Structures are given as C-alpha cells and as structure tokens.
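Undergrad: Sequence and predicted structure, then a few things I'm wondering about:
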Amino acid sequence: LNIPLTPQDRFFSKVIACLMQALLLFILKMLKHFLNSIKQS
C-alpha cells in the first residue's frame, strides 16, 4: 500500500501529531495534580 502524500496530508499528520503530544502532556499534568491532591488529603 503506497499512497503518495500531498503537502496537505503531511501538514495534517504533523498537526495531529502535535495535538496528540499536547493532549498527552495535558493528561500527564492533570494526573500528577490529581495524585498530589490525593496524597495531601
């Protein structure tokens, strides 16, 4: 399966990769915050 990527496709995959990374960082940050609040209570 060899689909030629247009510049638009490459741009979208880059954007999606960035969004996924940002989402992952956000989730990790929230998780850390959540665990800290559990420890303190």
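TA: Happy to help now that I have it. Numbers count the residues shown, from 1 in each chain.
Undergrad: show me where the chain has strands.
TA: Taking DSSP state E, the chain contains no strands at all.
Undergrad: give me the low-pLDDT residue ranges for it?
TA: For the chain, the stretches with pLDDT under 70 are 1.
Undergrad: what's around residue 22, how many residues?
TA: 10 (other C-beta atoms under 10 Å). Bear in mind the C-beta positions are built from the backbone N, C-alpha and C, glycine included.
Undergrad: Could you do residue 17 as well?
TA: There are 10 residues near residue 17, going by other C-beta under 10 Å.
Undergrad: Residue 6 versus that one, what's the distance?
TA: In this view, residue 17 and residue 6 are 17 Å apart by C-beta to C-beta, to the nearest Å.
Undergrad: Same check on residue 25?
TA: Plainly put, residue 25 is 29 Å away from residue 6 if you go by C-beta to C-beta.
Undergrad: Also residue 36?
TA: Residue 36 is 45 Å from residue 6, by C-beta to C-beta.
Undergrad: Same question for residue 13.
TA: Distance from residue 13 to residue 6, by C-beta to C-beta: 11 Å.
Undergrad: and what of residue 41?
TA: In terms of C-beta to C-beta, residue 41 sits 53 Å off from residue 6.
Undergrad: Same drill for those two, tell me which one is more crowded.
TA: When residue 41 and residue 6 are compared for neighbours, residue 6 comes out ahead with 9 against 5, by other C-beta under 10 Å.
Undergrad: Next up, the contacts around residue 10.
TA: Residues near residue 10 by C-beta atoms under 8 Å, 6 or more residues apart in numbering: none.
Undergrad: Now do the buried residues in stretch 26-41.
TA: Judged by neighbour count (16 or more other C-beta atoms under 10 Å), stretch 26-41 contains no buried residues.
Undergrad: Would you mind writing the CA trace of it as PDB?
TA: Taking Å, rounded to 0.1, in the frame of the first residue of the first chain, the C-alpha atoms of stretch 26-41 are listed here in PDB:
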ATOM      1  CA  PHE A  26      -2.000  17.700  29.500                       C
ATOM      2  CA  ILE A  27      -3.300  14.300  30.700                       C
ATOM      3  CA  LEU A  28       0.000  13.600  32.500                       C
ATOM      4  CA  LYS A  29      -0.100  17.000  34.200                       C
ATOM      5  CA  MET A  30      -3.600  16.500  35.300                       C
ATOM      6  CA  LEU A  31      -2.800  13.100  36.600                       C
ATOM      7  CA  LYS A  32       0.200  14.400  38.600                       C
ATOM      8  CA  HIS A  33      -2.000  17.100  40.100                       C
ATOM      9  CA  PHE A  34      -4.700  14.600  40.900                       C
ATOM     10  CA  LEU A  35      -2.200  12.300  42.700                       C
ATOM     11  CA  ASN A  36      -0.700  15.200  44.600                       C
ATOM     12  CA  SER A  37      -4.200  16.200  45.900                       C
ATOM     13  CA  ILE A  38      -4.800  12.600  47.000                       C
ATOM     14  CA  LYS A  39      -1.600  12.500  49.000                       C
ATOM     15  CA  GLN A  40      -2.300  15.800  50.700                       C
ATOM     16  CA  SER A  41      -5.800  14.900  51.900                       C
END
